Each structure stands twice: as structure tokens, then as C-alpha cells.
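> Generate a structure from the sequence data that follows.
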Amino acid sequence: MKNLPLLLLAFAICSFFSLNSCDKNDNDDQPTPDPLADTISIGFQETEWLTSILEAKFDSIVSESRCPCNADCIWAGSVTVLLNFNYAGETFSRELTLGAEPSSVIIGKYKVTLVEVLPYPCDVIIEPVVKVAIKKN
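Model prediction:
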């Protein structure tokens, strides 16, 4: 019973620090998704916000040489896409290639990495989608 006030004090201090760590930062320059856990999908000819000041549009597939699903290839191939970026009112167009290594581009304070291009060359015909990862540089 003598330790009860000490335990209550320790509980109060832990609660105080736990609650204060949940404060939200209203800084507009923070990425919207968790850059280590999430990717963002962008449909063909669609625009998505990557952060509150950076948006990307999937413009086109520039080249496609990936090995088709049911083929035996000696090289996996690559795919290059054109993305249009708008960063704080400035526009940029960049080609990103997905091959042996994913390619990245630095736009302002952010690194955008091409993670996946769907569909993979198969018999199924669906609208293309790119997946990008965003990370503060």
C-alpha cells in the first residue's frame, strides 16, 4: 500500500507523455501516405495526389518489353512509363523504368519510385495502372 502513490504518479506521467505524442502536425509539406508502408496506385490517364503539394498523372507507357506470362525468355525485360508531376505549381514530365532495378525521380523534397506496372503482359486486357512509392528526400 505504501507504493500506491508512487505507482499512481508513474501512471500519470506515462499517460501524459502518451497523450502528448498523439498531437497532429498541421504541416502541409508532409506526405499523405506512410512512405515506408504504402504505395499509391495511379490509373491510366488519371491524376493522384502523392502529398498535399505533389500530384502525379500516369500519362503513357513509353515502351514495353517484359517477358509475356506464358513465354520462356532469357531476359525479364523492362517497361518505361511517362509520369507528369505537378509540384507546388511547377510541372515536370519524367520517364521511369521498371526493369532489374526500379527507377526513381526526385521532385522537390520527395523521391518517387516506380514500384509496379500492371497488367503484366498476358492475355488479359485491362487498363494499365502504375504503383509508386513516395518518400521524403
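> Quick check: what element follows the lowest-mean-pLDDT helix or strand in the chain along the chain?
The weakest-scoring helix or strand in the chain, judged by mean pLDDT, DSSP states H and E, is helix 4-20 (a mean of 47). Downstream of helix 4-20, the first helix or strand assigned by DSSP states H and E is strand 40-43.
> tell me the contacts of residue 103?
96-97, 113-114 (C-beta atoms under 8 Å, 6 or more residues apart in numbering). Any C-beta I mention is one placed from the backbone N, CA and C, and that applies to glycine too.
> Most neighbours among those residues, which one?
Neighbour counts for the contacts of residue 103 (other C-beta atoms under 10 Å) peak at residue 114, which has 24 neighbours.
> for residue 117, what are its contacts?
Here residue 117 is in contact with 61, 79, 81, 98, 128-131 (C-beta under 8 Å, 6+ apart).
> Can I get those residues in CSV including neighbour count and distance to residue 120?
Below are the contacts of residue 117 laid out as CSV (neighbours: other C-beta atoms under 10 Å; distance: C-beta to C-beta, whole Å):
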residue, neighbour count, distance to residue 120
61, 14, 12
79, 21, 9
81, 24, 14
98, 20, 11
128, 17, 11
129, 15, 11
130, 25, 13
131, 16, 12
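> got those as JSON lines, with pLDDT, secondary structure and distance to residue 52 columns?
JSON lines is the format used below for the contacts of residue 117 (pLDDT from 0 to 100; DSSP: H, G, I helix; E, B strand; the rest coil; distance: C-beta to C-beta, whole Å):
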{"residue": "61", "pLDDT": "93", "secondary structure": "strand", "distance to residue 52": "28"}
{"residue": "79", "pLDDT": "93", "secondary structure": "strand", "distance to residue 52": "29"}
{"residue": "81", "pLDDT": "95", "secondary structure": "strand", "distance to residue 52": "24"}
{"residue": "98", "pLDDT": "90", "secondary structure": "strand", "distance to residue 52": "27"}
{"residue": "128", "pLDDT": "90", "secondary structure": "coil", "distance to residue 52": "26"}
{"residue": "129", "pLDDT": "91", "secondary structure": "strand", "distance to residue 52": "23"}
{"residue": "130", "pLDDT": "91", "secondary structure": "strand", "distance to residue 52": "21"}
{"residue": "131", "pLDDT": "92", "secondary structure": "strand", "distance to residue 52": "20"}
